[in-house]
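**Q** got a predicted model here, sequence first, then my questions.
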Amino acid sequence: MTPGDDVSVGHDVPVDGRTRHYGDFYGVPGSAAALGTDERALLVVWGNCQAEALRIVLSDSPDLPFRTVRVPPVHELESTDIVHVENLVRRAAVIVTQPVRAGYRDLPIGGPDLADLAPSATVIVWPVIRYGGLYPFQVIARHPSQPSAVPAAVPYHDLRTVLAARDGRESFDEWDVDVTGERLREAARWSVEQLAARERRQCDIAISDILLDVGADAAHTINHPGNRVLLTLGRRILDALGASAPIPPTRELLGNIRAPLEQRVIDALAIDASARIAWDVDGSALTEEAVHRSQMQWYADHPEFIDAVLDRYVELIDILGLA
């Protein structure tokens, strides 16, 4: 076998770049969990891409009495991963989970499923953070025919592009719309209240109360909160666990994609920030026009998403005066 060839670590799981990245989860030889080098009880952080960022924050508490393990986000798990999920969760003393529904993607990977696997574990539910105040036209929507599909160029819908696709307005000069500052402020308040309502319904720990106050640091995109938000969320969870506040990370944990930040939004929300005129995707600039043109073609190929977006965001469209 030559260097770099895949090998198996049991349960027919190959050792490749992905399983090495999640080595503790898969029990790859040489990982900390496989070697049992950490005697602390196990804390599992569960959810979408935000979960790994939060795990890093929690792990940076100087006196955290638990060890953590890097786990794949729930939307990437497959049926072949379930044995590893069960092996991990059954050892958990604490489960810090987003409100993932039972039987998510027809797999036993929801929050209630994990609680059943570890009935003696402490379970803390934290929110799926979405805040659109800085990016009022940016939304996330799925379609049952293709639940994992996202638009071209960047994985976010823009209401202006969706409406242009619906109305057949192909020129980028016709793309943007005028929106008053009060409508932008109302959209930000609406976004916070949407999250707050989900927190009241589903969560033990909230974060919506700080979003308007942290300004441009609140989010890089609608679902990528900034470090200040993650640190506050982490501190609240650590308080519940009796551990000290985390040491701030030296990098932006969810900053790999950054959306344009418009001056009119900065002015409307009275925040201290500089406008961004282009997307930053893994360090590369992408203009709004390039994204718009790519997504117009994507909607031509996936017209079912036009109504899916417009039906879901009727209230926001009305708030922004786009109707």
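**A** Thanks, I have the structure now.
**Q** switch to C-alpha atoms for all contacts and neighbour counts from now on
**A** Fine.
**Q** ok, and the closest non-adjacent residue to E52?
**A** Nearest residue to E52 in three dimensions, chain neighbours excluded: R70, at 6.7 Å (C-alpha to C-alpha, 6 or more residues apart in numbering).
**Q** swap in P136?
**A** Nearest in space to P136, with sequence neighbours left out and distances taken as C-alpha to C-alpha, 6+ apart, is A187 at 6.5 Å.
**Q** average pLDDT across the helix or strand harbouring the one you found?
**A** Per DSSP states H and E: A187 is located in helix 181-202. Mean pLDDT, helix 181-202: 98.
**Q** now do stretch 156-176
**A** The model assigns stretch 156-176 a mean pLDDT of 96.
**Q** end to end on it, go ahead and measure it.
**A** Counting by C-alpha to C-alpha, to the nearest Å, you get 16 Å between the two ends of stretch 156-176.
**Q** and stretch 162-177, by the same measure?
**A** For stretch 162-177, the first-to-last residue distance is 13 Å (C-alpha to C-alpha).
**Q** next, the buried residues of it.
**A** By 16 or more other C-alpha atoms under 10 Å, the buried positions in stretch 162-177 come out as V162, L163, A164, A165, R166, W175.
**Q** now do the first one against T19, distance only.
**A** So that's V162. Counting by C-alpha to C-alpha, the separation of V162 from T19 is 38 Å.
**Q** before we move on, what about the third one?
**A** To T19, A164 is 42 Å away according to C-alpha to C-alpha.
**Q** could you identify the helix or strand that succeeds whatever helix or strand V96 lives in?
**A** Here V96, judged by DSSP H and E, is contained in strand 92-97. Sequence order places helix 111-117 as the next helix or strand after strand 92-97, per DSSP H and E.
**Q** pull the distance from that next one to the chain's centre.
**A** Centroid separation for helix 111-117 versus its chain: 21 Å, with C-alpha atoms, centre = their mean, to the nearest Å.
**Q** go on, stretch 64-79?
**A** Worked out by C-alpha atoms, centre = their mean, stretch 64-79 lies 14 Å from the chain centre.
**Q** for the chain, just list every one of the helices.
**A** Along the chain, counting by DSSP state H, helices occupy 17-21, 23-26, 32-35, 49-59, 82-89, 111-117, 159-167, 181-202, 227-241, 263-269, 288-301, 304-312, 314-319.
**Q** between the ones you listed, which gets nearest to P151?
**A** Of all the helices of the chain, helix 288-301 sits nearest to P151, with 6.1 Å by C-alpha to C-alpha.
**Q** pLDDT wise, what is D5 at?
**A** According to the prediction, D5 has pLDDT 36.
**Q** now swap in Q146 and tell me
**A** Confidence score, pLDDT, at Q146: 87.
**Q** thinking again about what came up before, which of the helices of the chain sits most buried?
**A** Comparing the helices of the chain by mean neighbour count (mean count of other C-alpha atoms under 10 Å), helix 23-26 ranks first with a mean of 24.
**Q** tell me what that one is packed against?
**A** The helices and strands touching helix 23-26, judged by 3 or more C-alpha pairs under 8 Å, 6 or more residues apart in numbering; DSSP states H and E, are helix 32-35, helix 82-89.
**Q** beta partners of V44?
**A** When assigned by DSSP bridges, V44 has beta-bridge partners I95.
**Q** give me the number of residues near it?
**A** Per other C-alpha atoms under 10 Å, the neighbour tally for V44 reads 23.
**Q** any idea how far it is from H224?
**A** Computed as C-alpha to C-alpha, the V44 to H224 distance reads 20 Å.
**Q** how about C203?
**A** 19 Å.
**Q** higher neighbour count, the two?
**A** Using other C-alpha under 10 Å as the criterion, C203 and H224 rank with H224 on top: 23 against 18.
**Q** OK, contacts around the more buried one?
**A** Going by C-alpha atoms under 8 Å, 6 or more residues apart in numbering, H224 touches Q50, I129, R130, L254, G255.
**Q** give me that answer again for 7 Å
**A** For H224, the contacting residues are L254, by C-alpha atoms under 7 Å, 6 or more residues apart in numbering.
**Q** quickly list what it is bridged to.
**A** Residues in beta-bridge contact with H224 (DSSP bridges): T221.
**Q** tell me the pLDDT of it.
**A** If you check H224, the pLDDT there is 98.
**Q** go on, E304?
**A** E304 is assigned 96 on the pLDDT scale.
**Q** go on, N87?
**A** Looking at N87, its pLDDT reads 95.
**Q** ok, now V13?
**A** 65.
**Q** next one: the one 3 residues further on
**A** Predicted confidence (pLDDT) for D16: 79.
**Q** and it, what are its phi and psi?
**A** D16 has phi and psi values of phi -140, psi -170 when expressed as degrees, to the nearest 10.
**Q** any idea how many residues pack against it?
**A** Neighbour count for D16, taken as other C-alpha under 10 Å: 15.
**Q** what's the spacing between it and L230?
**A** As for D16, its distance to L230 is 30 Å (criterion: C-alpha to C-alpha).
**Q** with E193 instead?
**A** Taking C-alpha to C-alpha, one finds E193 at 19 Å from L230.
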